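> what follows is a predicted protein model with its sequence.
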Amino acid sequence: MAEPVLRITSARKRFGAVEALAGLSLSLGAGEWVGLLGPNGAGKSTLMHAIAGLLPLDAGRLELFGHSADRIGSGGGGNDRLGFVPQEIALYPLLTTEQNLQVFGRLHGLRRSDLEQQVTWALQWTGLAGRARTCAGELSGGMKRRLNIACGVLHRPQLVLLDEPTVGVDPQGRQRIWEMLTELRQEGAALIQSTHELDQVETRCDRMLILDHGQIIAAGAVDELIAKTLGGQAVLHLQCDQPLRGLLSRPDFEIDGNSLRGALHDVAIELPAILAEVHTAGLEILGVHVERPSLESVFTHLTGRELRE
Amino acid sequence: MIRTIFHISWLNLRHDRVALVLTFVLPLVFFSIFSTVFGAMDEDRLRPIATILVVEDEHEVSARLADLLRVEPGLEIHELPTIGPGSEPTQREAAHHRVATGNAAIAIVIPSGFGERLSEGSDAAELGSAEIELLSDRSNPIAAGVVTGLVQAAALRLGADTVAAEGIDGVLAPQADRDPGTGPLAIRVVDVLGGGQKRPSVAFFAAGIGVMFLLFAASGRSAILIEERENGVLERLLAAGVSLTNLLLGRWLFLCVLGSAQLTVMFVWAWLAFGLELWTPRRLAGFLVMTLASAAVAAAFGLALSSACRSRAQLNGASAVVILILSALGGSMFPRFLMPESLETLGRLTFNAWAVDGFQRVFWYDARPIQLWPQVLVLLGFCIAFLLAARWLACGWRRVRA
């Protein structure tokens, strides 16, 4: 196997009483696209910032392209093989689209002909060629997002960190951004992308990392995660007209007022029995929904339904 | 509905501490500074004027007049070391030099033969030849007027004492053919700068207003540091390998150039519109030195202030408060010689005062660039302190969501 582009071993980072990274370890291969999932406060941004060299780790080891990354981004010079796309629209709003690309390209070491070439590429890639002379502050939300990504990858890094790159963008804009990221990945870049859009990463990422309390609580491809955590079960959602008190046959199901939720191993056999029991109890069934296990099911199963903030 | 809107306005104000300070505290501070400065004039409590006394005459009357001046509460008398006959420079020349270089506001010279002419004179013509000389710097127009009055008052007391002791009559009494308002003595005010400075207030205000707006411009442009923190550009810059030190130095350099251009425009306008004398090699060199030093310290001040503020709104409020107070104390709004001694001393702790003083030395006293070293040294000291403070405060920027 080729040398991983990123290897993190037992990373720890604490902010006061909060342990943002609690001994986290991971490895990322070249050209791999990883979705970084987790509830708010799980440690995703801390992990991204640590990889980008914006935060020193309290303990543990972080290697980029086979070298220790302790000094990167901390005054010791940047790593031009790394691209970072922050969650915010990190652009100069009074500069034009082209000027934003030029200044960030220069910061990443691009000069003259290379810079010109990459700016032209980025304008085409983002679909913003017609807006090259428009001030970034005057672009639409989706255009700003695309430019935001382009400024982070203009120097064609081998590892790109994307912190929620599609947040606040309409479906068409999101689609364009996913296509852009797919192109990047096809060209060989490894991507780490934090997001809450589970349905999108489910179909695009090679691997998911689910973080909670500063640790990776599950990792793998979607099917693998589903099999590991839900065992390939379907999930039943049942809505009745009156509060449920529980099912004698399925004490493992979750009851929440008039609603019931639980996993079914064999829908054809188990569902009729459950419906019959509810009917016998004198309750009227208002709705039945059986869903195939998804990444969201896995996520909810692993991280729970309680609000974290 | 109106009540709710009123309540929302109140809640917003209550949570905006800077707005509260701007609304309630800043006016009090300004009122206090202006009242302290100009209230003293209303109550006849002007600070003693630092005055050099040169007594060239050995006559008894001159000695008694000098003694009366020494105890005059409105004067803070400084006497130069005694110089032997024929020594160079004479006390008069030394006093002239100190006033001409801005190291003293005024000098009283009791010339040789003054006492004798005064004692023997019985008519207006003889009394007119017995005159006191005031070596004056017109950049402080108040000093000459006040000292003239105090010398006349001392002369009247001298006359009264003489009459009581020796019965000399008529001497030192206002003469019938002289303006009664001028007092008993002839006093000749000598402009030590030879009347070469045509527009003293232009030089003062070009410097004072220029420095004040230099600070506003520097703090306003420094807000980009806050914007970069808020919109994530800072993270992007740091991830690209830009260190905080380089980021601050890059910004500082730009603000230095911007500030220098701003001051240049200000002084060229003062030349074009108000006749400020700018185009001599000495003045241009002095202007360049003071402009670079002032722009450097203003840029560093702006960076330190914006590094300390968490939001653009906070910076706007804080910069208004701090810059207006610094400008009032530092002499951008009115000359510092008007201030009571305590306020003037406080003003010396502001870098504005040193910048304004430096420009004054260039355009009023025609100082050579080398003579500006105290001002430049202090300004550079402030500059380094502000840059270090900005760098230290910038360490707190690396706060990240978990």
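Arrived safely. Residues are numbered from 1 along each chain as shown, chains lettered A, B, ... in the order given.
> which pLDDT value belongs to residue 178?
With no chain named, the answer covers chain A. pLDDT for residue A:178: 90.
> not quite, I wanted chain B
pLDDT, residue B:178: 48.
> can you check the one 4 residues further on too?
Note for residue B:182: predicted pLDDT of 56.
> same question for residue B:157.
83.
> and it, what element?
According to DSSP states H and E, residue B:157 maps onto helix B:141-166.
> residue ranges with poor pLDDT in the chain?
With no chain named, the answer covers chain A. A:1-2, A:70-78, A:232, A:248, A:305-309 (pLDDT under 70).
> my question was about chain B
B:39-46, B:82-89, B:120-129, B:161-183, B:194-200, B:398-402.
> might you name the residue of it sitting closest to chain A?
Residue nearest to chain A within chain B (C-beta to the nearest C-beta): residue B:241, separated by 2.2 Å. C-beta: built from backbone N, CA, C; applies to glycine.
> isn't that residue right up against residue A:81?
No: assessed by C-beta atoms under 8 Å, residue B:241 is found out of contact with residue A:81, at 11.6 Å.
> the two: who's more crowded?
Higher neighbour count among residue B:241 and residue A:81: residue B:241, with 22 against 16, using other C-beta atoms under 10 Å in any protein chain shown.
> helix or strand next in line after the helix holding residue B:157, which one?
Later in the chain than helix B:141-166, the nearest helix or strand by DSSP H and E is strand B:186-191.
> who is residue A:288 paired with across the strands?
residue A:238 (DSSP bridges).
> quick one: residue B:150 and residue B:73 touch, right?
No: between residue B:150 and residue B:73 there is no contact under C-beta under 8 Å: 9.2 Å.
> more crowded one of these two?
residue B:150 (20 against 7).
> and the host helix or strand of residue B:236, how far out from the chain's middle?
Residue B:236 belongs to helix B:233-239 when assigned by DSSP H and E. Distance of helix B:233-239 from the chain centroid (C-alpha atoms, centre = their mean, to the nearest Å) equals 43 Å.
> next structured bit after that helix?
Immediately after helix B:233-239, counting by DSSP H and E, sits helix B:244-274.
> C-terminal to that next one, what's the next element?
helix B:281-308.
> and the next helix or strand past that next one?
Once helix B:281-308 ends, the next helix or strand along the chain (criterion: DSSP H and E) is helix B:312-330.
> so what touches stretch B:17-26?
Applying C-beta atoms under 8 Å, 6 or more residues apart in numbering or on different chains, the external contacts of stretch B:17-26 come out as B:13, B:14, B:313, B:314, B:316, B:317, B:318, B:320, B:321, B:324, B:325.
> burial count for the closest residue to residue A:173 other than its chain neighbours?
Computed as C-beta to C-beta, 6 or more residues apart in numbering or on different chains, the closest residue to residue A:173 that is not its neighbour in sequence is residue A:142, at 2.9 Å. Per other C-beta under 10 Å, the neighbour tally for residue A:142 reads 21.
> what's the first helix or strand after the helix or strand encompassing residue A:142?
Using DSSP H and E, the element containing residue A:142 is helix A:141-153. Later in the chain than helix A:141-153, the nearest helix or strand by DSSP H and E is strand A:159-163.
> name the helices or strands packed onto that following strand?
Packing contacts for strand A:159-163, counted by 3 or more C-beta pairs under 8 Å, 6 or more residues apart in numbering or on different chains; DSSP states H and E, involve helix A:44-51, strand A:82-85, helix A:141-153, strand A:190-194.
> over to stretch B:189-206 now: how far is its first residue from its last?
27 Å (C-alpha to C-alpha, to the nearest Å).
> residue A:7: what secondary structure?
Under DSSP: H, G, I helix; E, B strand; the rest coil, residue A:7 falls in the strand class.
> quick one: the helices in the stretch 201-309 of chain A?
Shown for the stretch 201-309 of chain A, the helices assigned by DSSP state H, counting those that start in this stretch span residues A:222-229, A:267-280, A:295-303.
> what's next to the shortest one, contact-wise?
Contacts of helix A:222-229 from elsewhere in the structure, counted by C-beta under 8 Å, 6+ apart, are A:202, A:208, A:210, A:218-220, A:232, A:293-295, A:297-298, A:301-302.
> and for stretch B:253-271?
The contact list for stretch B:253-271 (C-beta under 8 Å, 6+ apart) reads B:202-203, B:206, B:209-210, B:213-214, B:217-218, B:221-222, B:276-279, B:287, B:291-292, B:294-296, B:298-299, B:302-303.
> circling back to that earlier point, show me what contacts the residue nearest to residue A:173?
Contacts of residue A:142 by C-beta under 8 Å, 6+ apart are A:169, A:170, A:172, A:173, A:176, A:177.
> ok, now how distant is it from residue A:170?
Using C-beta to C-beta, to the nearest Å, residue A:142 is found at 6 Å from residue A:170.
> again, but for residue B:213
45 Å.
> in terms of neighbours, single out the busier of these two.
residue B:213 (19 against 12).
> report all helices and strands that the helix or strand where that one lies contacts.
Under the criterion of DSSP H and E, residue B:213 resides in helix B:200-230. With contacts taken as 3+ C-beta pairs under 8 Å, 6+ apart, helix B:200-230 sits against helix B:233-239, helix B:244-274, helix B:281-308, helix B:312-330, helix B:351-363.
> for stretch B:385-396, buried residues please.
For stretch B:385-396, the neighbour count (16 or more other C-beta atoms under 10 Å in any protein chain shown) marks B:386, B:387, B:389, B:390, B:391, B:393, B:394 as buried.
> closest to residue B:138 out of the residues you listed?
Nearest to residue B:138 among those, counting by C-beta to C-beta, is residue B:386 at 34.8 Å.
> quick one on the thing from earlier: in TSV, list the contacts of stretch B:17-26 along with distance to chain A and neighbour count.
Output for these, formatted as TSV (distance: C-beta to the nearest C-beta, whole Å; neighbours: other C-beta atoms under 10 Å in any protein chain shown):
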residue	distance to chain A	neighbour count
B:13	28	12
B:14	25	10
B:313	17	13
B:314	19	18
B:316	18	17
B:317	23	21
B:318	23	18
B:320	23	16
B:321	27	17
B:324	28	20
B:325	31	15
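> looking at those residues, which is nearest residue B:47?
Closest approach to residue B:47 among those (C-beta to C-beta): residue B:325, at 20.8 Å.
> mind checking how far the residue nearest to residue A:173 is from chain B?
Distance, residue A:142 to chain B, using C-beta to the nearest C-beta, to the nearest Å: 17 Å.
> now residue A:54
From residue A:54 to chain B the distance is 5 Å (C-beta to the nearest C-beta).
> quick check: can you list the domain ranges of the chain?
You didn't say which chain, so I picked chain A. Domain segmentation of chain A under automatic domain parsing yields A:6-227, A:233-292.
> right idea, wrong chain: chain B
Using automatic domain parsing, chain B is parsed into the domains B:49-191, B:199-397.
> before we move on, the earlier item: ok, residues contacting the helix holding residue B:236?
Applying C-beta under 8 Å, 6+ apart, the external contacts of helix B:233-239 come out as A:49, A:52-54, A:73, A:78, A:82, A:84, A:86, A:88, A:90-92, A:104, A:107, A:151-152, B:225, B:227-228, B:244, B:247, B:397-398.
> what do you get for stretch A:178-194?
So stretch A:178-194 is contacted by A:5-6, A:28-38, A:44-45, A:48, A:51, A:83, A:125-126, A:146, A:149, A:153, A:156-166, A:200-201, A:204-205 (C-beta under 8 Å, 6+ apart).
> show me just the buried residues among the residues you listed.
For the contacts of stretch A:178-194, a burial check counting by 16+ other C-beta under 10 Å picks out A:5-6, A:28, A:30-38, A:44-45, A:48, A:51, A:83, A:125-126, A:146, A:149, A:153, A:156-166, A:200-201, A:205.
> residue B:99 is in contact with residue B:108, isn't it?
No: applying C-beta under 8 Å, one finds residue B:99 not in contact with residue B:108, separated by 10.8 Å.
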